[in-house]
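**Q** Sequence plus the predicted model coming up.
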Amino acid sequence: MADTNKPLLIKRYASRRLYNTETSDYVTLEDIAIFIREGREVQIVDLKSGDDLTRQYLLQIIAEHESRGESVLPVDVLTDLVRSYTSQAASVVPQFLQASFDMLRDGQTKAMENIGKASPIANMPGFEAMRAQQEAFFKAMTGGIVPGASAADASSKDEEDDLGQIKDQLAALQEKLSKMGK
């Protein structure tokens with residue numbers, strides 16, 4: 001049984017083939033993308049030099065999805081990313097992106113908590129189907145992980161306040177980033 005707490009080690013051979021060290025077989029970029037969607041961390045290293053190639057391959061996976069029309073990143077965001085490599089914003093962008101994704105995950109967790117709560121809406125016909133559809137959506141967005149599945153209940157007012165604060169923080173970060181790009 002593989003230890004899913006440590007990164008899955010993938011070795012790249014001189015032939016550019018990728019080797020899964022846990023299952024002792026060759027894998028494709030799509031296989032690696034599936035591992036990641038399942039919540040697994042991966043590390044890709046060059047067998048000969050020992051160089052860490054993880055970033056390079058993750059960017060390649062994103063580029064392949066984008067080229068197939070599975071666009072997630074708007075052109076404006078891609079343009080801003082390119083600009084950030086040649087400006088002082090480069091020092092802020094990684095932290096901004098990490099904070100944005102953390103807020104997205106937290107927001108999804110809170111939304112899933114709200115879906116499971118008892119409310120007058122929960123008694124309406126078709127609510128269970130809608131809730132199941134929403135859970136499926138969140139599973140797709142988080143790679144199969146349902147946020148908040150075992151989280152404790154909190155009041156709706158507190159959650160609305162938290163979501164409002166998250167939105168305000170994201171707007172402030174976006175404003176700062178746009179000012180730095182000018």
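**A** Received it, and whenever you're ready, just let me know what you need. Numbers count the residues shown, from 1 in each chain.
**Q** which helix of this protein spans the most residues?
**A** For the chain, the helix reaching the highest residue count under DSSP state H is reported as helix 156-180.
**Q** Look up phi and psi at residue 45.
**A** Dihedral angles phi and psi of residue 45 (degrees, to the nearest 10) take the values phi -130, psi 150.
**Q** That one touches residue 53, doesn't it?
**A** Yes. Contact criterion C-beta atoms under 8 Å: residue 45 and residue 53 qualify, at 6.4 Å. C-beta: built from backbone N, CA, C; applies to glycine.
**Q** Find residues that contact each of the two.
**A** Between them, residue 45 and residue 53 share the neighbouring residues residue 12, with contact defined by C-beta atoms under 8 Å, 6 or more residues apart in numbering.
**Q** Ramachandran coordinates for residue 49?
**A** Residue torsions, per degrees, to the nearest 10, at residue 49 are phi -90, psi -20.
**Q** got it, and the one 3 residues further on?
**A** The phi and psi values for residue 52, taken as degrees, to the nearest 10, are phi -80, psi 120.
**Q** Identify the residues contacting it.
**A** Counting by C-beta under 8 Å, 6+ apart, the residues that residue 52 touches are 43-45.
**Q** which strand residues sit across from it in the sheet?
**A** Taking DSSP bridges as the rule, residue 52 bridges to residue 45.
**Q** sorry, back to before: quick one: buried residues of the longest helix of the chain?
**A** Residues of helix 156-180 classed as buried under the neighbour-count rule (16 or more other C-beta atoms under 10 Å) are 159, 163, 166, 170, 173, 177, 180.
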